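S.K.: Build me a structure from this.
(2 chains)
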Number of protein chains: 2
Amino acid sequence: MATKANKEALAEKPDGTRVNYTSYDVAVRAGVSQSAVSRCFKEGAYASDEMRARVMKAAAELGYTPNAIARSLITRRSDLIAVLISNLTNLYYPEVLSELSRQFSLNGMRMLLFTLPGDTEVDRVLSQIWEYQVGGVIAAAAHILPRHVEEFERRRVPLVLYNRTMKDKAVSAVVCDQVDGARTLVSRLAAAGHKRFAIIDGPAESVVAQERTRGACERIAELKLAKPVIVRGNYDYESGAVGMREIVRQMGRAPDAVICGNDVMAIGCVDAARHELGLEVPRKLSVAGFDGIEPANWMSYQLTTLRQPVQEMARAATELLTSMINNPGAGPEKRSFSAQLIEGATARLAPRSV
Amino acid sequence: MATKANKEALAEKPDGTRVNYTSYDVAVRAGVSQSAVSRCFKEGAYASDEMRARVMKAAAELGYTPNAIARSLITRRSDLIAVLISNLTNLYYPEVLSELSRQFSLNGMRMLLFTLPGDTEVDRVLSQIWEYQVGGVIAAAAHILPRHVEEFERRRVPLVLYNRTMKDKAVSAVVCDQVDGARTLVSRLAAAGHKRFAIIDGPAESVVAQERTRGACERIAELKLAKPVIVRGNYDYESGAVGMREIVRQMGRAPDAVICGNDVMAIGCVDAARHELGLEVPRKLSVAGFDGIEPANWMSYQLTTLRQPVQEMARAATELLTSMINNPGAGPEKRSFSAQLIEGATARLAPRSV
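M.R.: Numbering: from 1, shown residues only, chains lettered A, B, ... in the order given. Take a look at the predicted model:
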């Protein structure tokens, strides 16, 4: 509220700079000690109601706000959590970010956001993160390497990887079991009588993509079905459409089912099949994706997909990071979730009648 | 790089806490003054090559990083910019955020991100922002009120509104001309012979939605066409589909054209028309949206829409904020952009032949 008093208090100095009152000024105005002011602003610290009322009145009159930055210098603890994300235009990440933001808000943490357009950016972004002395980092990004994790360890900055693990390097992570999910998807499609599979793989550097493709190939081999045709995509719509055309070119005909490394590519694949190749989905071709993004649910698609429990995963990442901040000695921990099969309308249910 | 020297330097103290070296320690090790160390780490400040090499070697050996937080306390300037966004699951915002992030990165600014689930959260989030003494704020959120803007003024924290303006209160803003865009859309649809219009409006509190609807109604009236049926949506897919059914219910038949407050609702509207009401789009019904989000371009939709120049707008917001930070005395400035008509495939081009 713009009371007259704090308008005055926040008036500028003669040189035009802003006046910043400190807890000392509040203490003088309220006629209490400086440590009493601190207690009144600290959650859980004792202060009588009368004391609190006097301090809050003086603070309001001066327009005083406790300084989180100065506090972090003293306590060497920061509520500032850096979040690294590869690519916001991938429709899966906004949902993750939204959930993380909600969880941070519930836990009194603030989000310092970095997007990583390419792998060369990691070192530059990390050097910025060290400058801010963040309380911890959640990285939902490819391109984090073992040497980066070692730097986190040396600096004792807690790090949680989101939907990413590391070979030959123990690190705290929240993941979804991609291998198992991909196996489930193949079993489901094979049960509908599908024999000839194709895969539109995600980008080469994505560990998630590698795991999804590996799980699918494993299960296809176990079922003694033909080796799938695999084409490379980059997680976007266009590469799903291009991938579908390339599969038909390579096979000389349409496969029974296409497994796509994510939903956006699956949507591109369905559109190319229907609108460019004249293939009815699912009557002539089954298509499945991964993630469970919102557009997968739109009437034009109703994608058969594996939904990741984003809400649970974001909560787990926040909890894991909090526990690492509070127990600096604890070793790395991995929390793994299962994806849920969403029966959409892009995969046939029963074997095709001959 | 994990050299032996900085491994030692970053070793823990006997009590297990982390050792944090300061610029003083670096100065002692390099045999130079503390101010020389500062100059070596300050962009644009003079230091000889020999001096810089000595300081950087000592800093690397100690694992020293300049402390942005301590620096901001001394200079009272912060590279930290808070971004407020209403709702990340609205597919328009991730693109904005992605562009802002890229612009910030180019300008040495860091993004402190806050999402606002509801209007009651603004006060809580602002009190957090004051604690971090940010250099400035970009708000792409509804629910910012004149009294909030007054608090920014009192605290002298630069504020730029993104895609939002304020009545009766001058404030710096980057906007897209929504009224003009909506008028363009009506003119385009009327030229195709459409006479009976309906509008699926955005949420009541959205100024952007109000302007789009006002522009459309103005132009419809100027063309002496029947007053449009207007139903309320909330910017999501489901409300576009519900809105379409409601329009048909109210009119007892389909209109010639539906103008939707954003692309996601237009997509829901197209899907409901095609899959639930059996109305061919665009043969029996034209549908148009606003924003130009990526899914609007997918083959199943190819929406006729007004694309906002997100890249230009994000760059303008960043420039405007930077200029306000550097010139604290300057008054509010508004930068307005025009949307571009995208001729998709959901609106007929020529009058229907009878």
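
S.K.: surely A:Pro328 meets A:Arg156?
M.R.: Yes. The pair A:Pro328 / A:Arg156 is scored as a contact, 6.5 Å apart, by Cβ atoms under 8 Å. No exception for glycine: its C-beta is placed from N, CA and C like everyone else's.

S.K.: What distance do you get for A:Val55 to B:Arg155?
M.R.: 20 Å (Cβ to Cβ, to the nearest Å).

S.K.: ignore the last one, A:Leu80
M.R.: Distance from A:Leu80 to B:Arg155, by Cβ to Cβ: 20 Å.

S.K.: out of those two, which sits in the more crowded spot?
M.R.: Ranked by neighbour count (other Cβ atoms under 10 Å in any protein chain shown), A:Leu80 and B:Arg155 place A:Leu80 first, with 23 against 18.

S.K.: Which of the three states applies to the residue lying closest to A:Leu97 once chain neighbours are set aside?
M.R.: Excluding its sequence neighbours, the residue lying closest to A:Leu97 (Cβ to Cβ, 6 or more residues apart in numbering or on different chains) is B:Leu88, at 5.8 Å. Secondary structure for B:Leu88, judged by DSSP: H, G, I helix; E, B strand; the rest coil, is coil.

S.K.: Next, count neighbours for B:Leu88.
M.R.: 24.

S.K.: Do you have the helices of the stretch 251-354 of chain A handy? List them.
M.R.: A:263-271, A:310-326 (DSSP state H, counting those that start in this stretch).

S.K.: tell me the mean pLDDT for the last one?
M.R.: With pLDDT averaged residue by residue, helix A:310-326 scores 94.

S.K.: Which residues in it does the neighbour count mark as buried?
M.R.: Within helix A:310-326, the residues scored as buried using 16 or more other Cβ atoms under 10 Å in any protein chain shown are A:Val310, A:Met313, A:Ala314, A:Arg315, A:Ala316, A:Ala317, A:Thr318, A:Leu320, A:Leu321, A:Thr322, A:Met324, A:Ile325.

S.K.: So which of those is the closest to B:Ser23?
M.R.: Nearest to B:Ser23 among the buried residues of helix A:310-326: A:Ile325, at 26.4 Å, using Cβ to Cβ.

S.K.: returning to that earlier point: would you reformat the helices of the stretch 251-354 of chain A as JSON lines and include distance to A:Val207?
M.R.: Below are those laid out as JSON lines (distance: least, Cβ to Cβ, whole Å):
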{"stretch": "helix A:263-271", "distance to A:Val207": "17"}
{"stretch": "helix A:310-326", "distance to A:Val207": "15"}
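
S.K.: list the contacts for A:Pro351?
M.R.: A:Ala192, A:Gly193 (Cβ atoms under 8 Å, 6 or more residues apart in numbering or on different chains).

S.K.: per-residue pLDDT, it?
M.R.: 74.

S.K.: Likewise for A:Gly118?
M.R.: In this prediction A:Gly118 is given a pLDDT of 66.

S.K.: Can you tell me which of the helices of the stretch 251-354 of chain A is nearest to B:Gly215?
M.R.: Taking these one by one with Cβ to Cβ, helix A:263-271 is closest: 31.9 Å.

S.K.: Now do the buried residues in the host helix or strand of A:Ser187.
M.R.: If you go by DSSP states H and E, A:Ser187 is part of helix A:178-191. For helix A:178-191, burial by neighbour count (16+ other Cβ under 10 Å) applies to A:Gln178, A:Val179, A:Asp180, A:Gly181, A:Ala182, A:Arg183, A:Thr184, A:Leu185, A:Val186, A:Arg188, A:Leu189, A:Ala190.

S.K.: nearest to A:Glu294, of those residues?
M.R.: A:Gly181 (19.0 Å).

S.K.: ok, the closest one - contacts?
M.R.: A:Gly181 neighbours (Cβ under 8 Å, 6+ apart): A:Arg212, A:Gly215, A:Phe290, A:Leu306, A:Ser338, A:Ala339.

S.K.: Tell me how chain A divides into domains.
M.R.: A:4-66, A:75-176+A:310-338, A:178-307 (automatic domain parsing).

S.K.: Please identify the deepest-packed of those.
M.R.: domain A:178-307 (a mean of 21; mean count of other Cβ atoms under 10 Å in any protein chain shown).

S.K.: so where's chain A uncertain?
M.R.: Scanning chain A with the threshold set as pLDDT under 70 gives A:1-20, A:42-45, A:67-77, A:89, A:118-120, A:142, A:352-354.

S.K.: change it to 80
M.R.: Applying pLDDT under 80 to chain A flags residues A:1-22, A:38-39, A:41-47, A:60, A:63-78, A:87-91, A:117-121, A:141-143, A:167, A:350-354.

S.K.: Point out the other elements, helices or strands, that the helix or strand where A:Lys57 lies touches.
M.R.: Using DSSP H and E, A:Lys57 sits within helix A:49-62. Packing partners of helix A:49-62 (3 or more Cβ pairs under 8 Å, 6 or more residues apart in numbering or on different chains; DSSP states H and E): helix A:4-9, helix A:23-30, helix A:34-41.

S.K.: Relative to chain B, which of the ones you listed is closest?
M.R.: helix A:4-9 (6.6 Å; Cβ to the nearest Cβ).
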